[in-house]
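[1] Just a sequence and a predicted model for now, questions to come.
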Amino acid sequence: MPALSLDLAQSISRSRLAGVPDAILVTQGWNKALAFRSLFAEALVGRWRVLCAVDEISSINGLHRASVLKPVRPGSNLIPRTGIAKKNSHERRSSIIQSPVGISLTDQALHRIERNADPIGKCFGQRIGNLETLIIGALDAAVRELCPHQQIVQREAYRALGGSADPDPRISQVYFHENECKTFDQFCFLLARYGIHPNYWVAFCDAFFWTMQSHNPYGNEEDKDDLEKPTDESAYGRFVAGMVALPMIEAGLRYASYVRKDKFRELKAVCSSNLLESRFEEIGMRAFNKLFENYPDLNNYFSKSDVDTMAVELVAM
């Protein structure tokens, strides 16, 4: 797993799939999902929003999502209703969101989503209607990085979702007055501006895994076998965690760091005495300590020397 970097000049970090068979499996599986792009996008985004809303409700009640998720029998109708995440006949497993006392949290989450008062809805505001297109475009760009030398477009072949360069007006309209997103890095920085919490990208991994299981009608036995594995052993699980969630989290932290550096620059211009100048390094260290308090899992990605260097750079620019 690569160490996260807050250096805006560097490429976004990835934890790439090591084996060619895994890359082929994910690429082919994604191409099959694209045949049902609208269905897949609706289910994925709906599931993601439900999980994030449940996380928020659970944290208010002092619970953890893992403690309020219970398995559901195949064929059960206790899945988020149509319009949030559709259930099809190929579904192999799912879950119902319940509180320990048996009171369903699903309706609470759906009520927030319907009012755009869920965490993802609050991040995107009026652009929530474009979220499905943005997410599918980002996933597609990430998949195309698995075997870039194979992405040779032939006549009547697959065409990448090229943002404002896309000939489909339903795609290009989303990027009107936005930077053209032709690469995954550009999608990362575009989505970073919406302030998506790192925990929400962890929930996105769960939503992607669930959607690949339940909303990919063309999935074959190889896909199903891989999706039955633990997420850290599955090619799909390692792809979405290492090549989607990780770079999205890093881009979000970079953007937050950039915004904070502007504030420190203003502070440095106003408070320019020698005494205060000598303490700017301490200010940078306190900023990183606060970051690690909020996101303790990030400790594993930074060494002491990395933090010292970035603390100085944070206030020196």
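    Cool, the structure landed. Numbers count the residues shown, from 1 in each chain.

[2] I'd assumed residue 231 was in a helix, is it?
    No. Under the criterion used here (DSSP: H, G, I helix; E, B strand; the rest coil), residue 231 is coil, not part of a helix.

[3] what's the nearest residue to it if we skip its chain neighbours?
    residue 237 (3.3 Å; CB to CB, 6 or more residues apart in numbering). Glycine gets a C-beta too; all of them are placed from N, C-alpha and C.

[4] for the one you found, phi and psi?
    phi -60, psi -40 (degrees, to the nearest 10).

[5] Show me the helices in the stretch 201-317 of the chain, by range?
    Along the stretch 201-317 of the chain, counting by DSSP state H, counting those that start in this stretch, helices occupy 221-227, 235-240, 246-270, 274-277, 280-294, 304-316.

[6] Considering the ones you listed, which stretch scores lowest in mean pLDDT?
    Ranked by mean pLDDT, the helices of the stretch 201-317 of the chain end with helix 274-277 at the bottom, a mean of 48.

[7] How is this protein divided into domains?
    Domain assignment for the chain by automatic domain parsing gives 20-152+159-249, 271-316.

[8] least reliable of these going by mean pLDDT?
    domain 271-316 (a mean of 61).

[9] Correct me if wrong: residue 33 contacts residue 216.
    Yes. The criterion here is CB atoms under 8 Å, and residue 33 meets it with residue 216 at 4.7 Å.

[10] who touches both of the two?
    Taking CB atoms under 8 Å, 6 or more residues apart in numbering as the contact rule, residue 33 and residue 216 both touch residue 40.

[11] is it true that residue 236 touches residue 227?
    Yes. Residue 236 lies in contact with residue 227 (CB under 8 Å); the separation is 6.1 Å.

[12] Can you pull the residues that touch both of the two?
    By CB under 8 Å, 6+ apart, the residues touching both residue 236 and residue 227 are 209, 212.

[13] The stretch 51-200 of the chain: strands as residue ranges?
    69-71, 95-97 (DSSP state E, counting those that start in this stretch).

[14] buried set for stretch 189-203?
    Going by neighbour count (16 or more other CB atoms under 10 Å), the buried part of stretch 189-203 is 189-192, 194, 196-203.

[15] So which of the residues you listed belong to helices?
    Counting by DSSP state H, the part of the buried residues of stretch 189-203 found in helices is 189, 190, 191, 192, 198, 199, 200, 201, 202, 203.

[16] Is it possible to get the residues you listed out as a markdown table so that each row also shows distance to residue 125?
    Converted to a markdown table, those look like this (distance: CB to CB, whole Å):
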| residue | distance to residue 125 |
| --- | --- |
| 189 | 18 |
| 190 | 15 |
| 191 | 14 |
| 192 | 16 |
| 198 | 20 |
| 199 | 20 |
| 200 | 15 |
| 201 | 19 |
| 202 | 22 |
| 203 | 19 |
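
[17] For residue 46, the count of nearby residues, please.
    Counted with other CB atoms under 10 Å, the neighbours of residue 46 add up to 22.

[18] what angle do whichever strand or helix holds it and helix 198-214 make?
    In the assignment (DSSP states H and E), residue 46 maps to helix 37-60. On the basis of axes from the mean of the first three to the mean of the last three CA atoms, to 10 degrees, helix 37-60 is oriented at 140 degrees to helix 198-214.

[19] Name the residues of helix 37-60 that come out as buried.
    Neighbour-count burial for helix 37-60, counted by 16+ other CB under 10 Å, picks out 39-58.

[20] Mind giving me the packing neighbours of that helix?
    Packing partners of helix 37-60 (3 or more CB pairs under 8 Å, 6 or more residues apart in numbering; DSSP states H and E): helix 65-68, helix 106-114, helix 119-124, helix 131-144, helix 198-214.

[21] so that helix versus helix 106-114, what angle?
    Going by the same axes, to 10 degrees, helix 37-60 makes 110 degrees with helix 106-114.

[22] May I have helix 37-60 as PDB, with CA atoms only?
    The C-alpha trace of helix 37-60 is given here as PDB (Å, rounded to 0.1, in the frame of the first residue of the first chain):
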ATOM      1  CA  ARG A  37     -25.100   1.600 -17.100                       C
ATOM      2  CA  SER A  38     -28.300   3.400 -15.900                       C
ATOM      3  CA  LEU A  39     -29.400   0.500 -13.800                       C
ATOM      4  CA  PHE A  40     -26.000   0.000 -12.300                       C
ATOM      5  CA  ALA A  41     -25.400   3.700 -11.600                       C
ATOM      6  CA  GLU A  42     -28.800   4.100  -9.900                       C
ATOM      7  CA  ALA A  43     -28.200   1.100  -7.700                       C
ATOM      8  CA  LEU A  44     -24.600   2.000  -6.900                       C
ATOM      9  CA  VAL A  45     -25.300   5.600  -5.900                       C
ATOM     10  CA  GLY A  46     -28.500   4.700  -4.100                       C
ATOM     11  CA  ARG A  47     -26.800   2.100  -2.000                       C
ATOM     12  CA  TRP A  48     -23.900   4.500  -1.300                       C
ATOM     13  CA  ARG A  49     -26.200   7.200  -0.100                       C
ATOM     14  CA  VAL A  50     -28.100   4.700   2.100                       C
ATOM     15  CA  LEU A  51     -24.900   3.400   3.700                       C
ATOM     16  CA  CYS A  52     -23.600   6.900   4.400                       C
ATOM     17  CA  ALA A  53     -26.900   8.000   5.800                       C
ATOM     18  CA  VAL A  54     -27.000   5.000   8.100                       C
ATOM     19  CA  ASP A  55     -23.500   5.700   9.200                       C
ATOM     20  CA  GLU A  56     -24.500   9.200  10.200                       C
ATOM     21  CA  ILE A  57     -27.600   8.100  12.000                       C
ATOM     22  CA  SER A  58     -25.700   5.300  13.700                       C
ATOM     23  CA  SER A  59     -22.900   7.700  14.900                       C
ATOM     24  CA  ILE A  60     -25.600  10.000  16.400                       C
END
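
[23] Perfect, I'm done here.
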